[in-house]
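Participant: I would like the atomic coordinates for the input below:
(4 chains)
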Number of protein chains: 2
Amino acid sequence: MVAKTTDQERLFAYLQPNLALREADLWEFVKLWQPQQRQKGEWLSQPDKEEQYFYFVLEGVQRLLFTSEAGRDFTLGFSYAGEVSGLFHSFLLRQTTEVGLQCLTPSRFLAIHRDAWLTAQQRWPELDRWALSFVTRILMGRTQREIELLKHTAQERYERFQARSGHLFLQVPHKIIAAYLGMSAETLSRLRAQSTER
Amino acid sequence: MVAKTTDQERLFAYLQPNLALREADLWEFVKLWQPQQRQKGEWLSQPDKEEQYFYFVLEGVQRLLFTSEAGRDFTLGFSYAGEVSGLFHSFLLRQTTEVGLQCLTPSRFLAIHRDAWLTAQQRWPELDRWALSFVTRILMGRTQREIELLKHTAQERYERFQARSGHLFLQVPHKIIAAYLGMSAETLSRLRAQSTER
DNA sequence: AGCTTTTCTTGATCTAGCTCAAGATTTGCT
DNA sequence: AGCAAATCTTGAGCTAGATCAAGAAAAGCT
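Facilitator: You can find the predicted model right below:
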């Protein structure tokens, strides 16, 4: 008989290396996270609304996005299974922004509500250290992306993305990837054609 | 006789609202920060080197930058007097990146060394909460900038920057501002000419 | 003060990538 | 399965902003 990993066990395993809590406490913390799910296309977190949860992604792909008045939309980043997701600035600082999180594929999460988080934060000061480390990691990732966008041509950006995250082409509409890569959908399409014909 | 605010008092006043320490502890923490200074053009933090300090800026303007192989350089952001500065990802996670910090004007700082920080972090867990809040704030600011860059034309970016941070035109070379605004120095010059002639 | 270096401006040209458009393909829905 | 909606591809033309170049102005240095 094969032992199947439960959702909570996955969260536990994700947290353990970075969160300095005794095992029993860590389990108690994990129990504060509740299952949620979303269908393809649904919001995980709406723009200009206060984020109520931290999410741990069990399944699916999400994107961080914003929309311009003219109706163009822009993708700032993706989140995947096995990572924490959410609008951190909004959750932690209660400041809303125009960015939102949208599910690109059917998605399942474990989510901790802000109230539970605040209580836990009082009880286990170690949580702050953990949150600090992952917000810092996100900051670093975003800096990398910004560099990527400024330093490379459209073609280079496409090639590097293909190498690093090529699987996404099968999962999400190309126009969303184009928005992430800072180019129009047509340009992306042409770059793809060009790279296979050679 | 006028009481003059000392450098340490300025740091104290900056920290107090966000750092939940008793006054005596806060003073002890402040005493861990040592004066440093740099001349115009000098590095505050070099790229690809582990950051050893958090800085509190007493005086001067600095910029966060990186350089492409081709020798073009890009400005990701500025820091000013009255704020904390430094390469946080590198200081906190010990991961180096290609971004560095350069002083654009003669600058003075109070700086806390990583060793002192780590000791203080053990002694006062409240420091993690404080660091979390400001790294989150920085993340939010960077997100805003990214949106700004994607959503607006060169002219709009110039006008908005002029309104928000116009004073910088008197303090730092325009080509650096151009790099920050994601345009060439020539384009910036032309936009400026155009906006005064009207 | 005078010389050097850097920065800024302005003109002329070029091009990467955008926009618009229309057909082909895929996906989703009942 | 069959229809509707969304997505992807390809072509043609355009334009915002880059690049190259060279003179003017300002800043820095001894």
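Participant: give me the element A:Glu156 is part of.
Facilitator: Assessed by DSSP states H and E, A:Glu156 sits inside helix A:154-165.
Participant: hmm, that helix touching DNA strand C?
Facilitator: Yes: contact of helix A:154-165 with DNA strand C (Cβ under 7 Å from any atom of the strand) involves A:154-155. (C-beta placed from N, C-alpha, C; glycine too.)
Participant: List the buried residues for that helix?
Facilitator: Neighbour-count burial for helix A:154-165, counted by 16 or more other Cβ atoms under 10 Å in any protein chain shown, picks out A:154, A:157-158, A:161-162.
Participant: which one's the longest helix in chain A?
Facilitator: If you go by DSSP state H, chain A has its longest helix at helix A:126-151.
Participant: Which neighbouring elements make contact with that one?
Facilitator: The helices and strands touching helix A:126-151, judged by 3 or more Cβ pairs under 8 Å, 6 or more residues apart in numbering or on different chains; DSSP states H and E, are strand A:73-79, helix A:88-93, helix A:114-123, helix A:154-165, strand B:73-79, helix B:88-93, helix B:126-151.
Participant: Summarise which helices and strands the fifth one is packed against.
Facilitator: Which is strand B:73-79. Using 3+ Cβ pairs under 8 Å, 6+ apart, strand B:73-79 is in contact with helix A:126-151, strand B:62-67, helix B:126-151, helix B:174-181.
Participant: how about the most centrally placed residue in chain A, what does it touch?
Facilitator: The centroid of chain A falls nearest to A:Ser79 when counting by Cα atoms, centre = their mean (2.6 Å). For A:Ser79, the contact set (Cβ atoms under 8 Å, 6 or more residues apart in numbering or on different chains) comprises A:57, A:61-64, A:85, A:101.
Participant: count of neighbours near the closest residue to it other than its chain neighbours?
Facilitator: Closest residue to A:Ser79 apart from its sequence neighbours, by Cβ to Cβ, 6 or more residues apart in numbering or on different chains: A:Ser85 at 3.9 Å. By the measure other Cβ atoms under 10 Å in any protein chain shown, the count of residues near A:Ser85 is 26.
Participant: Just the element for A:Ala24, please.
Facilitator: If you go by DSSP H and E, A:Ala24 is part of helix A:23-30.
Participant: who in chain A is up against chain B?
Facilitator: A:66, A:68, A:74, A:76, A:88-89, A:92-93, A:95, A:97-99, A:121, A:125-126, A:128-129, A:131-133, A:135-140, A:142-144, A:146-147, A:150-151, A:182 (Cβ under 8 Å from any Cβ of the partner chain).
Participant: Kindly identify which of those residues also come near DNA strand C.
Facilitator: A:Gly182.
Participant: And the buried ones among the residues of chain A next to chain B, selectable in ChimeraX?
Facilitator: Those of the residues of chain A next to chain B that count as buried under 16+ other Cβ under 10 Å are selected in ChimeraX with:
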select /A:66,74,76,88,89,92,93,97,99,121,126,128,129,131,132,133,135,136,137,138,139,140,142,143,146,147,150,151,182
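Participant: do the helix or strand bottoming out on mean pLDDT in chain A and DNA strand D meet?
Facilitator: Every helix and strand in chain A was compared by mean pLDDT, DSSP states H and E; the lowest is helix A:185-197, with a mean of 89. Yes: counting by Cβ under 7 Å from any atom of the strand, DNA strand D has neighbours in helix A:185-197: A:185-186, A:188-190, A:192-193.
Participant: mind listing what's buried in that helix?
Facilitator: For helix A:185-197, by 16+ other Cβ under 10 Å, it's A:188, A:191.
Participant: same deal with stretch A:98-116?
Facilitator: Buried positions in stretch A:98-116, judged by neighbour count with 16+ other Cβ under 10 Å: A:99-104, A:107-112, A:114, A:116.
Participant: Can I get it in PDB? Just the C-alpha atoms.
Facilitator: Taking C-alpha atoms only, stretch A:98-116 is exported to PDB below (Å, rounded to 0.1, in the frame of the first residue of the first chain):
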ATOM      1  CA  GLU A  98      -4.000  47.800  -9.100                       C
ATOM      2  CA  VAL A  99      -2.400  44.400  -9.500                       C
ATOM      3  CA  GLY A 100      -4.500  41.200  -9.200                       C
ATOM      4  CA  LEU A 101      -3.900  37.500  -9.300                       C
ATOM      5  CA  GLN A 102      -5.800  35.400 -11.800                       C
ATOM      6  CA  CYS A 103      -5.900  31.600 -12.200                       C
ATOM      7  CA  LEU A 104      -4.800  30.500 -15.700                       C
ATOM      8  CA  THR A 105      -5.700  26.800 -15.100                       C
ATOM      9  CA  PRO A 106      -8.000  25.100 -12.500                       C
ATOM     10  CA  SER A 107      -6.200  25.600  -9.200                       C
ATOM     11  CA  ARG A 108      -6.200  24.300  -5.700                       C
ATOM     12  CA  PHE A 109      -4.800  26.100  -2.700                       C
ATOM     13  CA  LEU A 110      -4.300  26.000   1.000                       C
ATOM     14  CA  ALA A 111      -5.000  29.500   2.400                       C
ATOM     15  CA  ILE A 112      -4.400  31.200   5.700                       C
ATOM     16  CA  HIS A 113      -6.700  34.000   6.500                       C
ATOM     17  CA  ARG A 114      -5.200  37.300   7.800                       C
ATOM     18  CA  ASP A 115      -6.900  37.000  11.200                       C
ATOM     19  CA  ALA A 116      -5.300  33.500  11.700                       C
END
